[in-house]
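> Build me a structure from this.
(chains A and B)
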Amino acid sequence: MSDQAKLERRYRRLLAWYPALFRREHGEELIAVVMACSPDGQSRPGLAASADLIRSGLWMRLRPSVPRSAPTVAAAVRLMYAGAAVTTIGLIIAILSVVFVGGRAGSLRLLGHSQPLPVVIAVGIMVGLVLIGLWLWMARANSQGRNWARILSTVLFGLATLHLSGWTGVAQVVFAVVTWLLGLAVVWLLWRPTSTAFFKPPGLTQAGHSAEASPRSD
Amino acid sequence: MQEATFMILTALSSGSQHGYGIITDVEEISDGRVQLRPGTLYAALDRLRADELIEVEREETVDGRLRRYYRLTTAGTKRLSAEATRLQAHATAALTRLKLAGGTAT
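Next comes the predicted model:
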């Protein structure tokens, strides 16, 4: 197999990072450009070229694809990704503090019982991953205009509000308040009129839109 | 508007171009300062198409490889024009103030 063919095969593997729809529509075109940008005699993708494809592919999978007509939804989706990021940082800090603080004692109290450190860490990681997953799931579903996601996001925010008083310790309270404020902003944005127009089923949107738009001159 | 987006729209302002053409043109326009990578370019092109600032003009196959040519839409031309005017106003303001302050702006 020639260097060119090897290089192309390796680049094609990197395209797996992209959404399937994008690969179908632009995969061949992107491979052509990537190959044109590669120097002759190269048989492996460079580190920078690989990083560029992986980063762009991931970004295309994760970024909100909300139309410009619904800026409030786009802002809410960005805040939900911020929520996932803050929760990730919170999880890392929590694990580090459990390791450093609990490491001396060898066990920590969890749900009213003294538990060995690995159990506390495993439970913490699971809870953290579920919370991060919820932020990402809600971001994705809301960006796709699913009205159930808007309702579920609001319910989850309600549950977070009920749970606010359960936090103790400065770091926990700061984390809880920051994520709660993010949630508050998300819920507020999701129920703005421009968001509501975006979440309506296509048939209703058109009927509602023409009825609302007709008296306006713009 | 991000610099890469501005440069891509600028590259397309004088006529349609394919992906590799945009990369080489942006490099030329910016005196080699902006070097777009293919992944970054296609993420930007995808967003610009979704925002209806650019569109596909035609496709062709060269040496067995697919080439797609992109061009500015009317909205894209307006957006680039507005952004260029805004940047020019800022640059003019900066140069004027530097002169007033006895700087080296020439």
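> Helices along the chain, start to end?
Picked chain A for this. With DSSP state H, the ranges of helices along chain A come out as A:3-14, A:20-37, A:47-62, A:71-97, A:103-105, A:117-143, A:147-163, A:170-190, A:193-199, A:202-213.
> meant chain B, my bad for not saying
Using DSSP H, helices in chain B cover B:3-12, B:19-29, B:38-50, B:74-100.
> tell me what the longest one is packed against?
Packed against helix B:74-100 by the contact rule (3 or more Cβ pairs under 8 Å, 6 or more residues apart in numbering or on different chains; DSSP states H and E) you find helix B:3-12. Every C-beta, even on glycine, is put in place using the N, C-alpha and C of the backbone.
> How far off centre is the helix it packs on?
Relative to its chain's centre, helix B:3-12 lies at 1 Å (Cα atoms, centre = their mean, to the nearest Å).
> Please see if it touches chain A.
No - figure legend: helix B:3-12 not in contact with chain A (Cβ under 8 Å from any Cβ of the partner chain); closest approach 11.5 Å.
> That helix: which residues count as buried?
B:4-12 (16 or more other Cβ atoms under 10 Å in any protein chain shown).
> For it, enumerate the helices and strands it packs against.
Against helix B:3-12 (3+ Cβ pairs under 8 Å, 6+ apart) you get helix B:19-29, helix B:38-50, strand B:65-72, helix B:74-100.
> for the residue nearest the centre of chain A, what are its contacts?
For chain A, residue A:136 is the residue whose C-alpha lies nearest the centre (Cα atoms, centre = their mean; 3.6 Å). Contacts for residue A:136 were tallied using Cβ atoms under 8 Å, 6 or more residues apart in numbering or on different chains; they are A:62, A:80-81, A:84.
> In JSON lines: those, plus distance to chain B, neighbour count and pLDDT.
Below are these laid out as JSON lines (distance: Cβ to the nearest Cβ, whole Å; neighbours: other Cβ atoms under 10 Å in any protein chain shown; pLDDT from 0 to 100):
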{"residue": "A:62", "distance to chain B": "11", "neighbour count": "14", "pLDDT": "76"}
{"residue": "A:80", "distance to chain B": "19", "neighbour count": "28", "pLDDT": "95"}
{"residue": "A:81", "distance to chain B": "16", "neighbour count": "17", "pLDDT": "92"}
{"residue": "A:84", "distance to chain B": "20", "neighbour count": "21", "pLDDT": "95"}
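> For the residue nearest to residue A:139 when sequence neighbours are not counted, list the residues it contacts.
Nearest residue to residue A:139 in three dimensions, chain neighbours excluded: residue A:80, at 3.7 Å (Cβ to Cβ, 6 or more residues apart in numbering or on different chains). By Cβ under 8 Å, 6+ apart, residue A:80 lies in contact with A:135-136, A:138-139, A:142, A:153, A:182, A:186.
> any idea which of these is closest to residue B:78?
Residue B:78 has its nearest neighbour among these in residue A:142, at 30.0 Å by Cβ to Cβ.
> and the gap between that closest one and residue A:95?
Using Cβ to Cβ, to the nearest Å, we find residue A:142 at a distance of 29 Å from residue A:95.
> which residue packs closest to the closest residue to chain A within chain B, ignoring adjacent ones?
Closest residue of chain B to chain A, Cβ to the nearest Cβ: residue B:39 (3.2 Å). Closest residue to residue B:39 apart from its sequence neighbours, by Cβ to Cβ, 6+ apart: residue A:56 at 3.2 Å.
> before we move on, the earlier item: would you mind giving the helices and strands packed on helix B:3-12 as CSV with mean neighbour count added?
Shown next, in CSV, are these (neighbours: other Cβ atoms under 10 Å in any protein chain shown):
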stretch, mean neighbour count
helix B:19-29, 19
helix B:38-50, 21
strand B:65-72, 19
helix B:74-100, 13
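> As JSON lines, these with mean pLDDT would be great.
Shown next, in JSON lines, are the helices and strands packed on helix B:3-12 (pLDDT from 0 to 100):
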{"stretch": "helix B:19-29", "mean pLDDT": "95"}
{"stretch": "helix B:38-50", "mean pLDDT": "92"}
{"stretch": "strand B:65-72", "mean pLDDT": "92"}
{"stretch": "helix B:74-100", "mean pLDDT": "95"}
